[in-house]
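Engineer: mind looking at a prediction? Sequence and model below.
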Amino acid sequence: MFYDHKQIDQKWQKFWEENQTYKTENNSSKPKFYVLDMFPYPSGAGLHVGHPLGYIASDIYARFKRHQGFNVLHPVGYDSFGLPAEQYAIQTGQHPAITTEQNINRYEEQLRKIGFSFDWSREVRTSDASYYKWTQWIFIELFHSWYNKTTDKAESIQTLVEHFSKFGTENLNAVQNDELNFTSEEWNAADENEKQDILLNYRLAYRAETTVNWCPALGTVLANDEVKDGKSERGGYPVFQKKMMQWSMRITAYSERLLQGLQKIDWPQPLKDSQEYWIGKSQGAAVKFEISDLKSIRISFEELMTEERTDNQQSTTGNFIEVFTTRPDTIFGATFMVLAPENPLVEKLTTPEQKSEVENYIEETSKKTERDRMADVKNVSGAFTGSFAINPFTGKNIPIYISDYVLMGYGTGAVMAVPAHDERDHRFAKKFGLEIIKVIECEVDVQEESYDSKDSVCINSEFLNGLNYKEAKAKIISEIEKLGIGNGTTNYRQRDAIFSRQRYWGEPVPVYYKDGMPYTLPVSALPLELPEVEKYLPTEDGDPPLGNAKNFAWDEVNQKVVSVDLIDEKTVFPIELSTMPGWAGSSWYFLRYMDPKNDGEFCAKDLSDYWGQVDLYIGGSEHATGHLLYSRFWNMFLKDRGYINQEEPFQKLINQGMILGMSAFVYRFSLKSIQNTNYNIYFSNSIRMACEKKKQEFLNGKCTIEELLNFVENYYSEFTVDNYKSFDDNDSTDYRGLIGNKEIPIFTPIHVDVSLLKGTSDELDTEAFKNWRPEFKDAEFILEDGKYITEREVEKMSKSKYNVVNPDDICEEYGADCLRLYEMFLGPLEQSKPWNTQGLSGVYGFLKKFYNLYFDGDTFSVSEEEPTKAELKVLHTLIKKFMFDIQNFSFNTSVSQFMIAVNELQKLKCNKRAILEPLAVIVSPYSPHICEELWSLLGQNGSIEFANFPELNEAYLVEDEIEYPVSFNGKMRFKLPLAADLDAKQIEEITMNNDKVQEILGGATPKKVIIVPKKIINIVF
C-alpha cells in the first residue's frame, strides 16, 4: 500500500485543529501533568531542524502521559519582546509589532506542520497588552514589598512603614542597600519625599545608580548574556561599563533560598552547579581598614611599606574601606588593598599626582564586561591611587590600588590582598613590586609563587601562630568583633538584577515621577500600553526611545495617560522612559498558561493550586543563570505574597543538546602582503590542501618561496612567478626574488549556503554561487576534475553559517512523522549531534514498512485471530523497552526498538488486531499522524491520543523453549530445542539419548558433559 504522508499529515492536522483535540480542561478528575518547553523567541528566519528537537521530546512525553490517563497541560506561546525586532524597526521604520506578528505566524505555521500536541487556545505573547498588564502588576507588587530576614520572606511595604512609625529602625532585620539608622520620631517627622527616598533602600524593585553594560551603538543597557568578548552579541558593537540610574530587582534577598532550593528539584547537575557558582555563597568576615591621612608625612614609599604604625606618624581621618574576605586568618599577610575601578571610594582616594593614571585605567576597564574580567585570570593590570590604608593587626601602611580583577558586584568592591597565598594577588604584587609575606606554613618559596591551603598552620601571625585554618578563622573573627572593626558574615557573589533597558520594544515600566521620586500607577490603570513613537532611536537629549512619545505622561488626578505637553501642569507627571528587560515576561509565563484568559488576575489561585509546578521542563542549558534564576526568584516572591503555593516553578528539567549543521566552505586565494586586494579566485578543496601542504614546507624551511609560488602556478596559470606583482597597476615591483613570509599564499575560508551544493554531494554549483551574492558574480574557480569541491565541517546550525535545514522541506519530502522520528533517532536527547539529511530515507523506509503491516497489498487487512506466543513476545518486549526508555528520556533507543519490532512482526507475517492495535498506540507519541490514520482504519472512533497505553505482561517474555547450541570438543554442530524449565540433569539425559549426538559420538564415551542451563551444551570426548 502506498504511504501518502502528505495526505495523512494534512488530514490529521486539520482534524486536530477542528476538534481542538489537545485543548486542556482545568477541571478534571484525572491527575494533572504539566509539560513545558522553554519560551521560543520568534525570529524572522523561522525554525530550522535544530529548533524542534526539545519540542519533539516534550511532545512525545505529553502524548505518553495522555495515554496513561493524565490531564496534560502542554501549552505554547512566544517571548515576543526583544532587541532583534527593534533593530529591524530602526533600520526599516517598520513597527516591531508588525515584524513580530509576521514572525509568530511563520513559527506557528511551522510548528503545526510538525504535529505538536499544543493546547493552542492557551497561547500567550509577552508583547500583548493583555499579557504584559500582569508583568507590570508583578513589578508593582515587587515595588511595594520588602524582604523581612526575620520571617525569611517578602512582605508588604506597608508592614515596614508601620514598623518605622512605631520603632524606627530598631530591631529591624531587613535586606537593604545601605544600613540606615533613625528613630520613629525622625521617621514621622520626615516629609513625603524623604520617606519615599528611605523606602527605596528596602523595596524589592528599586532605583539606584548601578554599573551597567552600556552599548552606545544600540543605545541600551545589555545583560551579561547579551555581551561576548566586550561586544554586543547582536551586531558586534563595543560595550562599555557605565554608571547609570537603573531599576533593579533585589534577587540577592533570595540568594540563600535559591541555593537551598536546588536540593529539592530534579535538574541536571551541571545546571545546578552553574547556579551555585553564580549565586556564589562564601563565608568569612567583613573587616574595616582605616584610611591613612598622610598629607603631612614626609616619608618614602618603601619606608611606609615597612614602618610600624606610631601615634606621632599618623593621624586618621576616621574613614574606612570595608572588605569581605573568606580568609581572615591570613590578614597578617595583607600587604596592599585593591579596589574595583567602579568603587565610589576611588575618586576620593586618588591623589592629584595619580589622577591621570587612575582615570586612564578606569577608561580602559570600562571597555571590558564583568564576565571578561572574571575570565581573564592571567593578565594583571592596575593603577596606584596614591593613598594608603592601615592593616588593623600589623599597624603597617599598605598602598591602595585599583584593578579590574576586583568586581564592584562581589563583596564590597574591595579586597585585602595577601599575595603569598592568592594567585592573582601574587601576580599583582610581582608586577608592582609589592611586599609578599608568608603567613601559612609551607615549603613553597612564596616570593616566586603563591601557596593556598587550608591544611597548614599559621605563621608570622602573632596570636594566630600554630593554629590550623578553622581555629585561626574563629580566633581572628572573634578579635575583629572585639575591636569593633567587623564581624563574621556570609556573602554571595550574585548581584541584584538590573531591570531597565533603554529600548522601545519592551514592557513599559508602570512608574511616574513626582518631585523626582518614583510612584507606581494604580492597578486600575494597567496595562500601561506601549505608546506610538515617530522613531525608535534615543531622543536628541539622550533619553530612551519612549522619550519620542507624544502621549506618555500621567495625570494623577484623572488617573490616565495624557500628552507630555501637560507635564508642567501641577497634577501631570513624567512616566518612566526605560522599558523592562527581555526576561521580565519570560519569568512567569508558565503561570499564565494555567489561566491565560483571566482579565481579573494573573492566575486564579485554585488553578495555580491545581497545576502547581511544571512537572517536566525541556530547554537549552544556555538559560542556566538567566531565565531560570529569575523565574525561580519571581516564583518565590509570588509564593511569599500568597498568590501561589509552590516554592519552585520547575520540578524536573532536562537540557536537550543541539542538532549541528554540516557547513560548507569555499577558499578564497590571496597573498599575505596584499590580502586587502579584491581577489575573487577560489581553489577547490584538495588543490587548496596541496598548496597549504607546500606552504608548510616553506614555513619549515624545506623549500624556497619561488618553489612555493611555482607550485601554486601549476594550478593557477595566471599566477606566474615571472610576472609576480600585486594587482595594483601602479605597482611595478618585481616580487620574483622576494624571500619572506609576507608573500606566502593565503586561503580564506568563507561559509557558503549548503543549498548551493549539488544534491547531497560536496560539489559546489558554481553558477548558483556566482548568482548568490553580488560580490561573487565575477568569481573564478580552480577546479579538480572539472568540479569545485567544498570543505565540510560540523558546526552549530545557524543562519549566519548558512548551514540550516528548513523543516518545511523535510515535512514536504518525507512527512512530519519522519522528521520527528529521525530527530529522536539521531542520538541521546542531551547530547549534540550532526544532522545528515541522507539518514532520513532509512527512517522513511521504516514508516512505510510499519504502515504496510496493516495491509495485504492495497487492501487494509487486520485479522481477529488470537496472536501467537512469538507475536505477543515481540509486542511486550517493545512495551517493556518503551517504558524503560521514556522514563529515562532515552528516545533514540525506543526508535531502534520500533524498527526491530516491525521487522520481527513482518517476518512473522503478523496481521493480528491484538498486536497491531496496541502497536499503533505505542508508536503514536513519536509519529502521531500515521498512527491516527491506522487507528481510524482499525475502526476506532475519535483520536488515538486518549487510548489507554498497553499494559506490560511479563509472562509473555518468559521463554517456553530454549534452543541450545550443542558443541563437541568446543565446536558447535547443531541446535537442540528443549523446554526452558529443565534442570542440568534432565538436559544431559535428553541430550545423550538424542540420535544426532549418538551418531557424532560413534560409540565413544564422553569424558565430560558440560551443561549451562539456558546457555550451552558441550560434550568432551
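Structural biologist: On my side now, so go ahead.

Engineer: local confidence estimate at the residue nearest in space to the middle of the chain?
Structural biologist: For the chain, the residue nearest the mean C-alpha position is Glu622 (1.0 Å; Cα atoms, centre = their mean). At Glu622, the model reports a pLDDT of 83.

Engineer: where in the stretch 651-800 of the chain is pLDDT low?
Structural biologist: Along the stretch 651-800 of the chain, the model assigns pLDDT under 70 to residues 672-678, 718-743.

Engineer: roughly how far apart are the residue nearest to the centre of the chain and Met658?
Structural biologist: 10 Å (Cβ to Cβ, to the nearest Å). Where you see a C-beta, it was placed from the backbone N, CA and C, and this is true even at glycine.

Engineer: same thing with Asp372?
Structural biologist: From Asp372 over to Met658 (counting by Cβ to Cβ), the distance is 25 Å.

Engineer: out of these two, which sits in the busier spot?
Structural biologist: Comparing Asp372 with Met658 by other Cβ atoms under 10 Å, the one with more neighbours is Met658, at 21 against 16.

Engineer: ok, the nearest residue to the more buried one once chain neighbours are set aside - contacts?
Structural biologist: Nearest in space to Met658, with sequence neighbours left out and distances taken as Cβ to Cβ, 6 or more residues apart in numbering, is Ser832 at 4.4 Å. Residues counted as contacts of Ser832 (Cβ atoms under 8 Å, 6 or more residues apart in numbering) are Gly657, Met658, Ile659, Leu660.

Engineer: quick check: the second one vs Glu226, distance?
Structural biologist: Here the distance between Met658 and Glu226 works out to 20 Å (Cβ to Cβ).

Engineer: same deal with the last one?
Structural biologist: Distance, Leu660 to Glu226, using Cβ to Cβ: 24 Å.

Engineer: same thing with Ala664?
Structural biologist: 30 Å.

Engineer: look at these two and report which has more neighbours.
Structural biologist: Ala664 (24 against 21).

Engineer: can I take it that the more buried one is in a strand?
Structural biologist: Yes - secondary structure assignment places Ala664 in a strand (DSSP: H, G, I helix; E, B strand; the rest coil).

Engineer: using CSV, write down the CA coordinates of stretch 76-90.
Structural biologist: C-alpha atoms of stretch 76-90 as CSV (Å, rounded to 0.1, in the frame of the first residue of the first chain):
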residue,chain,number,x,y,z
VAL,A,76,2.8,27.2,23.6
GLY,A,77,3.5,30.9,23.4
TYR,A,78,6.1,33.4,22.3
ASP,A,79,8.6,35.6,24.0
SER,A,80,7.9,38.4,21.6
PHE,A,81,9.5,41.4,23.1
GLY,A,82,13.2,41.8,22.2
LEU,A,83,16.1,43.6,20.6
PRO,A,84,16.1,42.0,17.1
ALA,A,85,12.6,43.3,16.2
GLU,A,86,13.6,46.8,17.5
GLN,A,87,16.8,46.8,15.5
TYR,A,88,14.8,45.9,12.4
ALA,A,89,12.4,48.7,13.1
ILE,A,90,15.3,51.2,13.4
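
Engineer: can you map out the strands along the stretch 451-600 of the chain?
Structural biologist: Counting by DSSP state E, counting those that start in this stretch, the stretch 451-600 of the chain has strands at residues 486-492, 497-498, 511-514, 517-520, 553-555, 560-562, 572-574.

Engineer: err, the stretch 901-1021 of the chain, not the other one
Structural biologist: 961-968, 971-979, 1008-1012, 1016-1020.

Engineer: which helices and strands sit right next to the second one?
Structural biologist: In terms of contacts (3 or more Cβ pairs under 8 Å, 6 or more residues apart in numbering; DSSP states H and E), strand 971-979 is packed against strand 961-968, helix 984-992, helix 995-1001.

Engineer: if we use 10 Å, what do you get?
Structural biologist: Contact here means 3 or more Cβ pairs under 10 Å, 6 or more residues apart in numbering; DSSP states H and E; on that basis strand 971-979 packs against strand 961-968, helix 984-992, helix 995-1001, strand 1016-1020.
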